[in-house]
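**Q** Let me see the structure of the following:
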Amino acid sequence: MLNSMFYSEGFNPNGAEQGYHPQQGFGDECAGKQTQFFTSEDMGSVIDDLWSIYSFSQETGIEKVVTLPSSVPESIPEFVPVQTMHFNATRPLVQSSRSSMMLETNPENPMVQRITELAVLPKKKACTGVLASLELQNSYKPSHNWLQGEKLNGEIVQVATNSSGGSTLSTEEIVRVAAARYIELSSPIEGDNSILRHPLGLSSSGLTSEEIQNVELARLLLAAADKVSNQQYDRASNLLRQCENFSSHLGHPVQRLVYYFSDALQERINRETGRLSAKRPRDKGIPAEDLVKEMLADHPIHLITQKTLPFSQVIQFTSIQTILDNVATMKRIHLINLSIKHGLQCTILMQALATRSSCPVDYLRITGVGTSEESLLVTGQRLVSFAETLSLSFDFRVVAVADIKDLREDMFEIEPGEALAIYSSLDMSSMIVRPNSLDNLIRVMRKLKPSIMAIVDLEANHNSPSFITRFTEALFFYSAYFDCVDCHLDRTDGNRTIIEGYFFAEAIRSIIVAEGSERLVRHVGIGIWRAYFARFGLVEADLNEWSSYQASLLVKQFVQGSSCTLDKNGKSLTVGWKGTPLYFISAWKFQ
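**A** Residues are numbered from 1 along each chain as shown. Prediction:
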């Protein structure tokens, strides 16, 4: 462990004659790793542009923006995979025909159970355009409990004619139609290439020809996954070959989604049949352990997502505002930032405190926690230089540990009278596979007695022991994410290829292919985290309504910002895409 320190006594005119921006120099780093990254001038606008429009405030009384709280499980006794924690499906898609048929697919099939829970019986929400014509009738309900393995007596769902026309289905909506279609059709489809040209029942649905092809492509993928779950590997491989023929990493987001999921399914087949060793082939990208490290490190792609996708800025501004609310009257403030990365979230806090007039700060201290001493020192130097331009008394400390299980309370220098806050982004889920490290982190944080702990992570359920549950959850989750990326980055953009082919693809592979301790990519939703944190005496705190208001303003600055959806889940805020939650933001206090 190394405990290093930078210190700045306010503004140093000799050290910042030309001014300094918190992202200065980031462009060079990016250029060294990927030639298609933004320049430093492009990235330099990230904080300045937003700050010129939205300043932080301690005001209250703003009209509540988010008014859709979700139900929260009362208690979950242990922090374990919970199969019944369903994905928060948001849009019913299909309408029963007047002469509906009985569902012939075996209702005890786990694949049918799962996609029905996710795609056919979602939480009711208003739909428009094509989606309105695909809505389930209220009478479509299972007469028995599928989860108990009892027989289903219900109506088959069918795609209805689109009366409005002109609307375009999102990637996730196409997957939902495909899921309903998969349940509807029980006849074998392998080897039938004509399905993509003349799919029965969709020609009069009002969907475009491209949407029909994408629906059937997604259905092929679902059928292949079903065969894999039943260990029918030859039949699954036949279906995956069709998926390969009609998918592409450069095509429509549905085609890209199927491309990466089918690749992962084929690798699972190869492992199960002994055609491939359990170790990652050298030509198939980074191993999962490196992916987890990159997600928490200062990889240049984080700057790309910061600039182009709405999630990062909404998450950072909302979380930092929550911290500001809890240190509003304190003059000496100390932030412990787990996995600090480039420190962009720190610059938001620094600017807010430097311009705070109601209670000027004496100093701000930030302690960066991570595994790389060198990376932490580089980030610290940037933040010190930035503090000088703000005339902010600031010092930066480094706590570098190889494993969080070795973290100790005495590694942190906490001064009397400091208001201590903790910021964590994606750290918690990265340690699910290492419960001892996770437990140790929470115990150490508890001993430090912070005023507030802001936690951000993925709102997903990718930790089930059931392969088919993980597959369906991941398919709906990443369909929304692929759709978002497609809206903000051109299909030929090299940065999009890195996001999807480098990060998404490896996460999908880990979720689908790996089992046991090899499955390093694991995510659980806020409901599971509530039960876990309760074991350590953490109490969930309310997010200030002003934070939600600012988040709603931020999303409007992005292309199709209205598609970035903000919802309340208990006291937490979920940030998603077109109704599918992708992240949660929460605040916690120790009793």
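**Q** helix, strand or coil for residue 267?
**A** helix (DSSP: H, G, I helix; E, B strand; the rest coil).
**Q** again, but for residue 565
**A** Residue 565 - assigned by three-state DSSP - is strand.
**Q** OK, contacts around it?
**A** Residue 565 makes contacts with 575, 576, 577, 578, 579, 580, 581, as judged by C-beta atoms under 8 Å, 6 or more residues apart in numbering. C-beta coordinates here come from the backbone N, C-alpha and C atoms, glycine included.
**Q** Kindly recompute the last result at 7 Å.
**A** Residue 565 sits next to 576, 577, 578, 579 when contact means C-beta atoms under 7 Å, 6 or more residues apart in numbering.
**Q** now residue 219
**A** Contacts of residue 219 by C-beta under 7 Å, 6+ apart are 178, 181, 182.
**Q** could you dump those residues to JSON lines with distance to residue 219?
**A** Converted to JSON lines, these look like this (distance: C-beta to C-beta, whole Å):
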{"residue": "178", "distance to residue 219": "4"}
{"residue": "181", "distance to residue 219": "5"}
{"residue": "182", "distance to residue 219": "5"}
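**Q** Now, of the residues you listed, which are buried?
**A** By neighbour count, with 16 or more other C-beta atoms under 10 Å, those hold 178, 181, 182 as buried.
**Q** What's the first helix or strand after the helix or strand harbouring the last one?
**A** Using DSSP states H and E, residue 182 falls within helix 171-184. Following the chain from helix 171-184 toward its C-terminal end, the next helix or strand by DSSP H and E is helix 209-229.
**Q** pLDDT on that next one, on average?
**A** Summarised as a single mean, pLDDT over helix 209-229 is 95.
**Q** buried set for the following helix or strand past that helix?
**A** Following helix 209-229 in sequence order, the next helix or strand is helix 233-246 (DSSP H and E). Within helix 233-246, the residues scored as buried using 16+ other C-beta under 10 Å are 233, 235, 236, 237, 239, 240, 242, 243, 246.
**Q** got CSV for the residues you listed, with distance to residue 539 too?
**A** Formatted as CSV, the buried residues of helix 233-246 follow (distance: C-beta to C-beta, whole Å):
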residue, distance to residue 539
233, 49
235, 51
236, 47
237, 51
239, 49
240, 48
242, 52
243, 47
246, 51
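**Q** Adding pLDDT, write the residues you listed out as JSON lines.
**A** Formatted as JSON lines, those follow (pLDDT from 0 to 100):
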{"residue": "233", "pLDDT": "96"}
{"residue": "235", "pLDDT": "97"}
{"residue": "236", "pLDDT": "97"}
{"residue": "237", "pLDDT": "96"}
{"residue": "239", "pLDDT": "97"}
{"residue": "240", "pLDDT": "98"}
{"residue": "242", "pLDDT": "97"}
{"residue": "243", "pLDDT": "97"}
{"residue": "246", "pLDDT": "96"}
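**Q** Out of those residues, the closest to residue 214 would be?
**A** Nearest to residue 214 among these is residue 246, at 9.1 Å by C-beta to C-beta.
**Q** And the helix or strand that contains residue 374, what does it pack against?
**A** Element membership for residue 374 (DSSP H and E) is helix 373-390. Contacts defined by 3 or more C-beta pairs under 7 Å, 6 or more residues apart in numbering; DSSP states H and E place helix 373-390 against strand 2-8, helix 344-354, strand 363-370, strand 394-400.
**Q** Which among these is found nearest to residue 265?
**A** Ranking the helices and strands packed on helix 373-390 by distance to residue 265, with C-beta to C-beta as the measure, places strand 363-370 first at 34.7 Å.
**Q** Quick check: which helices or strands does the closest one pack against?
**A** With 3+ C-beta pairs under 7 Å, 6+ apart as the test, strand 363-370 has strand 332-338, helix 344-354, helix 373-390, strand 394-400 packed against it.
**Q** mean confidence for the second one?
**A** Same thing as helix 344-354. On average, helix 344-354 scores 95.
**Q** try stretch 488-506
**A** Average pLDDT, stretch 488-506: 90.
**Q** mind checking the end-to-end distance for it?
**A** 21 Å (C-alpha to C-alpha, to the nearest Å).
**Q** If we go by neighbour counts, what in it is buried?
**A** For stretch 488-506, by 16+ other C-beta under 10 Å, it's 488-489, 495-506.
**Q** Quick one: residues contacting the closest residue to residue 243 other than its chain neighbours.
**A** Nearest non-adjacent residue to residue 243, counting by C-beta to C-beta, 6 or more residues apart in numbering: residue 262, 4.0 Å away. If you count contacts by C-beta under 7 Å, 6+ apart, residue 262 has them with 221, 224, 240, 243, 244, 247.
**Q** where do the strands sit along the stretch 451-591 of the chain?
**A** Counting by DSSP state E, counting those that start in this stretch, the stretch 451-591 of the chain has strands at residues 452-458, 538-541, 564-569, 572-577, 580-590.
**Q** List the residue ranges of the chain that fall below the pLDDT cut-off.
**A** Within the chain, the segments meeting pLDDT under 70 span 1-167, 186-205, 276-300.
**Q** Could you break it into its assigned domains?
**A** 1-11+20-53+328-422+435-450, 56-84+309-326+454-459+539-586, 110-290+464-518 (automatic domain parsing).
**Q** that's a strand at residue 423, yeah?
**A** Yes - secondary structure of residue 423 (three-state DSSP): part of a strand.
**Q** ok, it - how many residues close by?
**A** Residue 423 is flanked by 25 other residues according to other C-beta atoms under 10 Å.
**Q** Surely it touches residue 335?
**A** Yes - look at residue 423 against residue 335 with C-beta atoms under 7 Å: they come within range, at 6.2 Å.
**Q** re earlier: distance to residue 351 added to the strands of the stretch 451-591 of the chain, as JSON lines?
**A** As requested, those are exported to JSON lines (distance: least, C-beta to C-beta, whole Å):
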{"stretch": "strand 452-458", "distance to residue 351": "17"}
{"stretch": "strand 538-541", "distance to residue 351": "24"}
{"stretch": "strand 564-569", "distance to residue 351": "23"}
{"stretch": "strand 572-577", "distance to residue 351": "22"}
{"stretch": "strand 580-590", "distance to residue 351": "20"}
